[in-house]
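In: give the three-dimensional model of this entry:
(one chain, ligands or ions: 3)
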Amino acid sequence: MNLILLGAPGAGKGTQAELLVHKLSIPAISTGNMLREAIANGTELGKKAKAYMDAGNLVPDELILGIVADRVAQPDCQNGFILDGVPRTLAQAEALEAAGVKIDHVVSIEVADSEIEGRMTGRRVCGKCGASYHITANPPKIDGICDSCGSQLVIRKDDAPETVRNRLAVYHATTEALKDFYGKLGRLVEVNGSQSIEKANEDILAAIGAKV
Ligand code: ADP
Ligand code: ADP
Ligand code: ZN
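Out: Residues are numbered from 1 along each chain as shown. Ligands and ions are numbered 1, 2, ... in the order given. Presented below is the predicted three-dimensional model:
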C-alpha cells in the first residue's frame, strides 16, 4: 500500500507516519527528515536546501524529486511506503505520476491554523532519527531523550513562530491545492487531526481500509 500524508506543518504527519510504520510494516519517507540529515552531514543537497528551510520556504522541486525517486526504488519500499511531507507542489505530484509511482490513498490530516502554533512551540524532535514529540501532548518517557533511539531531542529552528507563520502561508498558497488534484483522481480522504493522536490514527486506518 502506497500512501501520502498531506497536511499543514504541525498537522501530525510525522507522528502518524511513525504509528503507521509499525501497524502496516512499511517504511515512512520524510523529505523533511532526509533534508535535515543532509544538512547535518554537510552534503551538497544540505547546502543547497538549508536557506530555504530556515526561511520556511519550499526547497526547489528538482532537489526533492531526485531524493524521492531514489528512495522509493529501494527494496524495502517494494510492499509499500508512506510519503510524509511530499509531494508538496503540483509539479511534485505530477512528477510522481509521470514516474509511475502508484499512490493508493492520500490522507489529508486537517487541523485549524489556530491550533498549529501551540503544537510547534511544544514540538521536540530527535536529532538522530527524526521522531517527533510534544512537551505536553506526546512527551517522551525520559525528558529530552528519544524513546526510539535514545538520542537528544532538539527544537527545530524553523519552529519559531514567525517561520511557522510563513510555512502555513506556503501550505495554503501551494500545497493545499494537492487536495483538489488527488480528490479529482478519487484518492483523497480527509481525517480530523484535532483529536487525540490515537483517535486520529484509528480514523486514518479506517479511511484507508487497513485491517490491523
Ligand atoms: P513539517 O512536517 O513541519 O511540515 P517538514 O519536516 O516536512 O515540516 O519540512 C521542513 C522543511 O523542509 C519545509 O519547510 C521545506 O523547506 C522542506 N521540505 C520538506 N519536504 C519538502 C518538499 N516535498 N518540497 C519542498 N520542500 C520540502
Ligand atoms: P508534522 O509532521 O505534520 O509537521 P508532527 O507529527 O511533527 O507534525 O506534529 C507536530 C507537533 O504536534 C508535535 O509536537 C506532535 O507531538 C504534536 N501532535 C501531533 N499530533 C497531535 C495531536 N493529535 N494532538 C496534539 N498534538 C499532536
Ligand atoms: Zn530518535
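In: residue of this protein closest to ligand 1, please.
Out: Closest approach of the chain to ligand 1 (CB to the nearest ligand atom) occurs at Gly32, with a separation of 1.9 Å. C-beta here means a position set from N, CA and C on the backbone, and glycine is covered the same way.
In: for the nearest residue to that residue once chain neighbours are set aside, report the pLDDT, please.
Out: Spatial nearest neighbour of Gly32, excluding adjacent residues (CB to CB, 6 or more residues apart in numbering): Gly85 at 4.8 Å. Turning to Gly85, the model gives it a pLDDT of 97.
In: and Gly85, how many neighbours?
Out: Each residue near Gly85 was counted by other CB atoms under 10 Å, and the total is 23.
In: quick check: residues of this protein near ligand 1?
Out: Contact residues (CB under 6 Å from any ligand atom) of the chain with ligand 1: 9-10, 13-14, 31-32, 35, 52-53, 56-59, 64, 85-86, 88, 92, 158, 167.
In: how many residues are close by the residue of the chain closest to ligand 1?
Out: Per other CB under 10 Å, the neighbour tally for Gly32 reads 20.
In: and it, that one's in a helix?
Out: Yes: assessed with DSSP: H, G, I helix; E, B strand; the rest coil, Gly32 lies in a helix.
In: the protein: helices as residue ranges?
Out: If you assign secondary structure with DSSP state H, the helices in the chain sit at 13-24, 31-40, 44-55, 61-72, 90-98, 113-121, 161-170, 177-184, 197-207.
In: roughly how far out does the fourth one sit from the chain middle?
Out: Meaning helix 61-72. Distance of helix 61-72 from its chain centroid, counting by CA atoms, centre = their mean, to the nearest Å, is 15 Å.
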